[in-house]
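Novice: here's my sequence, what's the structure:
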Amino acid sequence: MEPVFQVYQCSDPACRMRFSTDLSVTELVHCPKCGGEMAPSGHPYVNFRPPRGFLQAQPVDLVVILDNLRSTLNVGSIFRSSDGAGITHVYCCGTTPTPEHSKIAKTSLGAESFTPWSYHPNAVDLAVTLQQAGRQLIALESVPNAISLFELDSLDAHNPLALIVGNEISGIDPAILAVADYHLAIPMAGQKTSLNVAVSAGIAMYTLAERIKRVT
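Specialist: Next up is the predicted model:
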């Protein structure tokens with residue numbers, strides 16, 4: 001059963017602040033901006049209505065290695081994206097918090113219960129083990145020899161892949177970069193050189209998943 005929400009609007013003509021209820025608040029009485037009275041606007045609604053002809057995406061043979069991430073919020077967001085993209089397994093390595101941490105549920109919204117995961121203290125050892133077992137290592141990092149994530153003509157997606165994302169500040173362990181089969185980067189049009197790691201991981205997971213589907 002999907003939760004039902006209601007939009008409320010401030011009755012003060014000079015304010016008119018407007019927003020909806022959420023999972024913790026079912027009724028709004030006073031405007032948080034001006035203190036005026038909040039009144040329902042429109043009908044209650046649910047926020048998930050599948051498009052006509054909606055088809056659920058199928059899982060793909062793609063695993064993700066989280067190399068020494070710090071933020072529980074980022075890890076939770078990555079688990080939610082992993083569930084959506086159909087990722088096979090998430091490997092939490094080094095300092096990366098695992099779903100056993102209570103704060104991860106704040107952004108994963110329960111997705112950590114659906115995506116298989118495991119913890120490994122050494123991401124380099126894990127990456128080499130997966131590579132020796134036949135997985136190609138895909139490092140998502142801005143390095144001189146990186147190719148654009150959106151120009152994957154040279155990427156052999158016929159063999160299973162392992163996407164690696166690194167620490168929010170220091171990036172991926174250089175020892176992993178040294179053995180990675182591919183280095184991919186997301187083009188940046190602004191002044192900053194990178195995106196938030198959870199945003200980057202989500203973009204990469206969906207892009208690689210679609211690439212795998214096209215060649216298999």
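Novice: quick one, grab the pLDDT at Pro50.
Specialist: Pro50 is assigned 71 on the pLDDT scale.
Novice: next one: it from Pro59, what distance?
Specialist: 19 Å (CB to CB, to the nearest Å). Bear in mind the C-beta positions are built from the backbone N, C-alpha and C, glycine included.
Novice: which one's more surrounded, the two?
Specialist: Shown here are Pro50 and Pro59; by other CB atoms under 10 Å, Pro59 has more neighbours (12 against 8).
Novice: helix or strand for that one, which one?
Specialist: Pro59 belongs to no helix or strand when assigned by DSSP states H and E.
Novice: ok now do it, which residues does it touch?
Specialist: Pro59 makes contact with 86-88, according to CB atoms under 8 Å, 6 or more residues apart in numbering.
Novice: in this structure Leu69 contacts Thr96, no?
Specialist: Yes: assessed by CB atoms under 8 Å, Leu69 is found in contact with Thr96 at 4.4 Å.
Novice: intersection of neighbour lists for these two?
Specialist: If you check Leu69 and Thr96 against CB under 8 Å, 6+ apart, the residues they both contact are Val75.
Novice: how close does the closest residue to Gly94 other than its chain neighbours get to Gly166?
Specialist: Leaving aside its chain neighbours, Gly94 sits nearest to Asn68 (3.9 Å; criterion: CB to CB, 6 or more residues apart in numbering). Here Asn68 is placed at a distance of 7 Å from Gly166 (CB to CB).
Novice: the closest residue to Val215 other than its chain neighbours: how many residues sit nearby?
Specialist: Excluding its sequence neighbours, the residue lying closest to Val215 (CB to CB, 6+ apart) is Ala157, at 4.7 Å. The number of residues packed near Ala157 is 21, by other CB under 10 Å.
Novice: hmm, Met17 and Asp7 touching each other?
Specialist: One thing to correct before we go on: residue 7 is Val, not Asp. No: with contact defined as CB under 8 Å, Val7 does not reach Met17; the gap is 11.3 Å.
Novice: buried sites along stretch 195-214?
Specialist: Buried residues in stretch 195-214, counted by 16 or more other CB atoms under 10 Å: 197-198, 200-205, 207-209, 211-212.
Novice: my bad, stretch 162-170
Specialist: Buried, per 16+ other CB under 10 Å, within stretch 162-170: 162-167.
Novice: take those and keep only those in helices.
Specialist: Here DSSP state H is the test, and the buried residues of stretch 162-170 give no hits in helices at all.
Novice: for the residues you listed, which one is nearest Glu151?
Specialist: Leu163 (16.4 Å; CB to CB).
Novice: gap between the closest one and Lys192?
Specialist: 22 Å.
Novice: name the element Arg211 belongs to?
Specialist: Per DSSP H and E: helix 197-215 holds Arg211.
Novice: now do that helix: everything it contacts.
Specialist: So helix 197-215 is in contact with 57-58, 60-62, 64, 69, 71, 73-75, 77-78, 81-82, 84-87, 107, 138, 140, 149-150, 152, 155, 157-158, 161, 163, 165-168, 184, 186, 194-195, going by CB under 8 Å, 6+ apart.
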